[in-house]
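J.: Starting from these lines, generate the structure:
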Amino acid sequence: MTGGDPQADLDIAVVGAGMAGLYATLRLLEAGLRPDRIGLFEASGRIGGRVLTVHSPQGLALDMGAHNLRPSHTIVAGLVERFGLKPVESIGQSPAGIVHLRGRSLTNAEISRRWLRKPFQYDVSAYLQRRGPARVLRKALEEMPTSAPGSERHLRGRPLADWALPDALLQALTPDELAYLADRLIYSFWQQPVQAEAALKWAAQEMFRGKSAMAELEGGMTGLPEALGSAIDNLGARTALGHRLAAVTFSDGAAPIELSFETTDGHLSLSADRVVLAMPAGAVAGVDGLAGRPEIQALLSTLAPQSAVTTALVYEKPWWREMGIRGGASMTDLPARHLRHHGGEQWRGSDAGALVSYCDGGNAEFWRRPEYGATTSGWIDPDHPVACELHNQAQRMFGPKMQKPLPRPIGAFTQDWDKAANGAAFHMWSTGSTPADVIRSALCPVSDQKLHICGEAWSPRQGWIEGALESVDMLLKRHMSHGSLAVPTNR
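T.: Numbering: from 1, shown residues only. This is a model prediction of the structure:
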């Protein structure tokens with residue numbers, strides 16, 4: 001990397017102060033870039049992107065976005081250790097946790113013991129239902145052979161990458177087996193046209209990797225972006241909040257790239273020798289000068305954005321402990337879908353409890369209906385239609401086992417990630433895409449221009465903080481590990 005054209009305002013402009021943007025900025029500063037020659041710009045009023053920890057009026061810390069990390073997330077683990085953050089092992093699935101499907105509520109323990117009868121009203125054998133979604137998925141994979149160890153799978157003579165996931169699964173599963181798989185795993189992508197090969201690899205890596213422990217951070221995941229932000233501040237750089245990138249203008253040759261921002265104070269224009277877009281894909285699509293370019297359109301067409309709404313229903317006490325539930329999650333085919341049980345952990349800072357609902361796809365749309373306050377995000381009172389409906393669904397799930405009405409909630413948080421993150425909570429690959437080629441193209445999508453795109457959407461590990469950071473490491477290794485500013489590689 002050269003020292004930059006002296007006419008440029010900045011050597012490097014990093015746009016987006018989510019996890020990828022914060023990490024890229026810190027690594028560039030630690031490689032020797034002067035703090036006055038790098039700019040970090042963020043459209044919203046906070047750093048962290050899809051990492052968001054909120055606190056109830058009682059002080060209960062709740063993660064509404066990214067909420068855990070795995071042992072295989074080595075970059076995140078290194079940062080957690082470096083900044084002295086405290087990981088807390090997440091409690092796995094409780095035997096007393098509830099699975100509520102097609103009107104019936106059973107505990108995890110009851111499902112495993114139902115030797116002769118089907119646990120739920122699906123046209124799926126009792127054996128497969130007892131063994132759970134992993135066994136159903138294994139049945140499907142047995143119909144998708146590989147030509148050699150480590151090579152891609154084929155189905156009916158076609159590469160699995162050319163198949164939409166539900167079409168591929170229905171070659172080996174009945175419609176009810178696919179419905180059971182999707183309901184037990186709560187994600188809607190199992191019935192969406194995402195790229196089958198990539199989706200199944202993702203599931204194997206992130207959903208079915210044995211019983212490897214997951215961890216949360218004491219005080220919430222927001223501690224990680226806050227630590228990165230503090231480290232950037234300590235090195236003399238600053239984050240410009242409330243700066244939305246509105247336009248990019250390229251010049252011929254090696255001339256600086258012109259950037260135009262809309263800010264709370266009006267309009268800001270500046271130039272940079274190199275631009276790193278660590279922005280959500282939906283935000284990239286809204287930048288003048290990029291949106292109409294065929295290279296950018298081609299990149300965006302390879303993504304399948306995943307919509308999501310998160311709601312935390314807060315109670316004075318974690319009443320589910322009366323049922324023996326100490327953690328983990330309960331799940332349902334109702335629009336609530338996935339309810340994480342939080343409460344009783346000392347580090348959360350309160351004796352209150354919360355059921356945190358994560359739902360995506362069409363179930364997310366359920367909570368956006370006008371009668372539920374389609375634009376609501378933030379704290380809502382217990383009489384709000386969203387809080388009332390989510391509590392009613394919890395009653396249908398847990399009531400048969402509690403055998404009494406559930407305590408009334410004291411309020412709720414809602415977070416619509418489509419609005420907060422420009423159209424998606426996370427991304428998957430669309431049918432026919434070739435992820436390795438797309439990731440490489442995103443790192444330098446416009447020929448002869450020092451513009452780079454990185455982040456969760458453009459990573460081998462979509463949907464995770466680790467993926468966002470991996471994409472930054474790939475960018476630094478491929479495009480900034482030489483010249484007068486040599487960024488050492490972490491990989």
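J.: Give me the distance between the nearest residue in space to residue 434 that is not next to it in sequence and residue 256.
T.: With Cβ to Cβ, 6 or more residues apart in numbering as the criterion, residue 434 has its nearest non-adjacent residue at 6.9 Å, and that residue is residue 161. All C-beta spots, glycine's among them, are computed from the backbone N, C-alpha and C. Distance of residue 161 to residue 256, given as Cβ to Cβ, to the nearest Å: 39 Å.
J.: Same question for residue 225.
T.: In terms of Cβ to Cβ, residue 225 sits 29 Å off from residue 256.
J.: swap in residue 315?
T.: As judged by Cβ to Cβ, residue 315 and residue 256 stand 55 Å apart.
J.: what do you get for residue 459?
T.: Distance, residue 459 to residue 256, using Cβ to Cβ: 28 Å.
J.: Over to residue 301: give its phi and psi.
T.: With angles defined as degrees, to the nearest 10, residue 301 sits at phi -70, psi -20.
J.: show me what contacts it?
T.: Neighbour list for residue 301: residue 430 [criterion: Cβ atoms under 8 Å, 6 or more residues apart in numbering].
J.: Can you tell me how far it is from residue 329?
T.: Taken as Cβ to Cβ, the span from residue 301 to residue 329 is 34 Å.
J.: What of residue 476?
T.: 36 Å.
J.: Look at those two and report which has more neighbours.
T.: Between residue 476 and residue 329, residue 476 has the larger neighbour count (other Cβ atoms under 10 Å), namely 26 against 23.
J.: buried sites along the strand or helix carrying that one?
T.: For residue 476, the host element (DSSP states H and E) is helix 465-479. Buried residues in helix 465-479, counted by 16 or more other Cβ atoms under 10 Å: 465-477, 479.
J.: Repeat that for stretch 107-118.
T.: Buried residues in stretch 107-118 (16+ other Cβ under 10 Å): 107-108, 111, 118.
J.: In strands, which of those residues fall?
T.: Mapping those onto strands (DSSP state E) picks out residue 107.
J.: The stretch 51-200 of the chain: helices as residue ranges?
T.: Counting by DSSP state H, counting those that start in this stretch, the stretch 51-200 of the chain has helices at residues 74-82, 108-113, 126-131, 133-141, 165-169, 175-185, 196-206.
J.: top strand in this structure by residue count?
T.: Longest strand of the chain, by residue count under DSSP E: strand 266-277.
J.: partners of that one, with directions?
T.: Strand pairing for strand 266-277, using DSSP bridges, gives strand 10-15 (parallel), strand 257-263 (antiparallel), strand 451-453 (parallel).
J.: The second one: how far from the chain's middle?
T.: Distance, stretch centre to chain centre, for strand 257-263: 27 Å (Cα atoms, centre = their mean, to the nearest Å).
J.: same question, the last one
T.: Once both centres are worked out by Cα atoms, centre = their mean, strand 451-453 turns out to sit 21 Å from its chain's centre.
J.: average model confidence for it?
T.: Strand 451-453 comes out with an average pLDDT of 97.
J.: before we move on, what about the second one?
T.: Taken as a whole, strand 257-263 has an average pLDDT of 97.
J.: what sits up against it?
T.: Applying Cβ under 8 Å, 6+ apart, the external contacts of strand 257-263 come out as 13, 15, 41, 240, 242-251, 267-275, 288, 449-451.
J.: my guess is residue 10 meets residue 272, correct?
T.: Yes. In this structure, residue 10 is within contact of residue 272 by Cβ atoms under 8 Å, at 4.3 Å.
J.: neighbour count winner among those two?
T.: residue 272 (25 against 21).
J.: Show me the beta-bridge partners of that one.
T.: Beta-bridge partners, per DSSP bridges, of residue 272: residue 10, residue 257.
J.: shared neighbours, residue 10 and residue 272?
T.: By Cβ under 8 Å, 6+ apart, residue 10 and residue 272 have these common neighbours: residue 39.
J.: Show me what the biggest helix by length in the chain is packed up against.
T.: Taking DSSP state H as the criterion, the chain has its longest helix at helix 385-402. Applying 3 or more Cβ pairs under 8 Å, 6 or more residues apart in numbering; DSSP states H and E, we find helix 385-402 packed against strand 98-101, strand 104-107, strand 308-315, strand 329-332, strand 353-360, strand 411-416.
J.: chain center to the first one: distance?
T.: Centroid displacement of strand 98-101 relative to its chain, using Cα atoms, centre = their mean, is 24 Å.
J.: What average pLDDT does it get?
T.: Taken as a whole, strand 98-101 has a mean pLDDT of 96.
J.: so where's the stretch 351-491 of the chain shaky on pLDDT?
T.: Within the stretch 351-491 of the chain, the stretches with pLDDT under 70 are 374-376, 420-421, 482-491.
J.: Swap in 80 and give it another go.
T.: Counting by pLDDT under 80, the ranges of the stretch 351-491 of the chain that qualify are 373-376, 420-423, 481-491.
J.: Might one say that residue 268 is in contact with residue 243?
T.: Yes. With contact defined as Cβ under 8 Å, residue 268 and residue 243 form a contacting pair (6.7 Å).
J.: More neighbours: the two, which one.
T.: residue 243 (22 against 14).
J.: just checking, that one touches residue 42?
T.: Yes. Here residue 243 reaches residue 42: they are 6.4 Å apart, a contact under Cβ under 8 Å.
J.: Quick check: the farthest pair among the buried residues of helix 465-479?
T.: Largest separation among those by Cβ to Cβ: 465 and 479, giving 21.8 Å.
J.: For residue 444, which residues are in contact?
T.: Contacts of residue 444 (Cβ under 8 Å, 6+ apart): 450-452, 478-479.
J.: can you tell me how far it sits from residue 295?
T.: Distance from residue 444 to residue 295, counting by Cβ to Cβ: 10 Å.
J.: got it, and residue 101?
T.: Residue 101 is 45 Å from residue 295, by Cβ to Cβ.
J.: who's more crowded, those two?
T.: Taking neighbours as other Cβ under 10 Å, residue 101 and residue 295 compare with residue 101 leading, 21 against 16.
J.: Which secondary structure state is assigned to residue 449?
T.: coil (DSSP: H, G, I helix; E, B strand; the rest coil).
J.: That one touches residue 248, doesn't it?
T.: No. Using Cβ under 8 Å, residue 449 makes no contact with residue 248, being 9.3 Å away.
J.: out of these two, which sits in the more crowded spot?
T.: residue 248 (23 against 19).
J.: Surely the more buried one is in contact with residue 279?
T.: No. Using Cβ under 8 Å, residue 248 is not in contact with residue 279; the gap is 11.3 Å.
J.: bridging residues for residue 240?
T.: Here residue 240 sits in beta bridges with residue 41, as judged by DSSP bridges.
J.: how far away is it from residue 35?
T.: 13 Å.
J.: can you check residue 399 too?
T.: 57 Å.
J.: Likewise for residue 112?
T.: 57 Å.
J.: got it, and residue 354?
T.: 40 Å.
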